[in-house]
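# Quick one, what's the 3D model for this:
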Amino acid sequence: MAETESYQKPEDYSVGETASTINVKFLSSTAVGVTLYFLSGLTLTGTLLALIVVTPAVVLFSPILIPAGVFVFLVGAGFVLSAVGAIWASFFLDAVFI
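Residues are numbered from 1 along each chain as shown. Next up, the predicted model:
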C-alpha cells in the first residue's frame with residue numbers, strides 16, 4: 001500500500017511579509033488591546049461607584065428587603081415544588097393505568 005504523506009504547500013507560509021505589514025499588525029493589535037484595557041478599567045470603576053452609591057440604600061432598607069426576599073424565595077420554592085409534585089403524580093398515574 002502506498003503511504004500518504006502530507007506536506008504543506010509553500011503558499012501556506014507567510015514568507016512575503018514586509019516590515020510595514022508587521023508594523024501594521026503590531027500597531028492595530030496594540031490599539032485594540034489598549035482600548036479593551038481602558039474599557040475594562042471603566043467597567044471596574046463604574047461597578048465600584050455603583051456599589052458605593054447603593055450600599056447605604058441597602059443597609060437602610062434591609063429590614064424590608066430581607067423579609068421580602070424570604071417571601072419571594074418561599075413563593076418560588078412553592079411553585080417549583082408544585083411543578084415537581086405534578087410531574088411525580090403524572091408518573092405514578094402513568095404507572096398505575098398502563
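# For burial, what's the neighbour tally of L65?
13 (other C-beta atoms under 10 Å). Bear in mind the C-beta positions are built from the backbone N, C-alpha and C, glycine included.
# what's the spacing between it and V75?
15 Å (C-beta to C-beta, to the nearest Å).
# Next: L48.
33 Å.
# Ok, L81 next?
If you go by C-beta to C-beta, the gap between L81 and V75 works out to 11 Å.
# same thing with G69?
In terms of C-beta to C-beta, G69 sits 11 Å off from V75.
# likewise T55?
27 Å.
# those helices in the protein, which residues are they?
19-60, 62-97 (DSSP state H).
# If I take the first one and helix 62-97, what angle do their directions form?
Put plainly, it is helix 19-60. What separates the directions of helix 19-60 and helix 62-97 is an angle of 100 degrees, with axes from the mean of the first three to the mean of the last three C-alpha atoms, to 10 degrees.
# so how far is helix 19-60 from its chain's centroid?
Between the centre of helix 19-60 and the centre of its chain there are 17 Å (C-alpha atoms, centre = their mean, to the nearest Å).
# How about the shortest one?
Averaging C-alpha coordinates over helix 62-97 and over its chain gives two centres that are 28 Å apart (C-alpha atoms, centre = their mean).
# I'd like the average pLDDT over it.
Averaging pLDDT along helix 62-97 gives 93.
# Report the buried residues of it.
Judged by neighbour count (16 or more other C-beta atoms under 10 Å), helix 62-97 contains no buried residues.
# before we move on, what about stretch 50-59?
So, applying 16+ other C-beta under 10 Å, stretch 50-59 has no buried residues.
# what does that stretch contact?
L65 (C-beta atoms under 8 Å, 6 or more residues apart in numbering).
# can you give me the mean pLDDT across it?
Mean predicted lDDT for stretch 50-59 stands at 93.
# And stretch 21-34, by the same measure?
Mean predicted confidence for stretch 21-34 is 92.
# Alpha carbons of that stretch, in PDB - could you do that?
Output of stretch 21-34 as PDB, limited to C-alpha atoms (Å, rounded to 0.1, in the frame of the first residue of the first chain):
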ATOM      1  CA  THR A  21       2.800  44.600   7.200                       C
ATOM      2  CA  ILE A  22       4.300  43.500  10.500                       C
ATOM      3  CA  ASN A  23       4.200  47.100  11.800                       C
ATOM      4  CA  VAL A  24       0.500  47.500  10.900                       C
ATOM      5  CA  LYS A  25      -0.300  44.200  12.600                       C
ATOM      6  CA  PHE A  26       1.500  45.200  15.700                       C
ATOM      7  CA  LEU A  27       0.000  48.700  15.900                       C
ATOM      8  CA  SER A  28      -3.500  47.600  15.200                       C
ATOM      9  CA  SER A  29      -3.300  44.800  17.900                       C
ATOM     10  CA  THR A  30      -1.800  47.300  20.300                       C
ATOM     11  CA  ALA A  31      -4.600  49.800  19.700                       C
ATOM     12  CA  VAL A  32      -7.200  47.100  20.200                       C
ATOM     13  CA  GLY A  33      -5.500  45.900  23.400                       C
ATOM     14  CA  VAL A  34      -5.200  49.400  24.900                       C
END
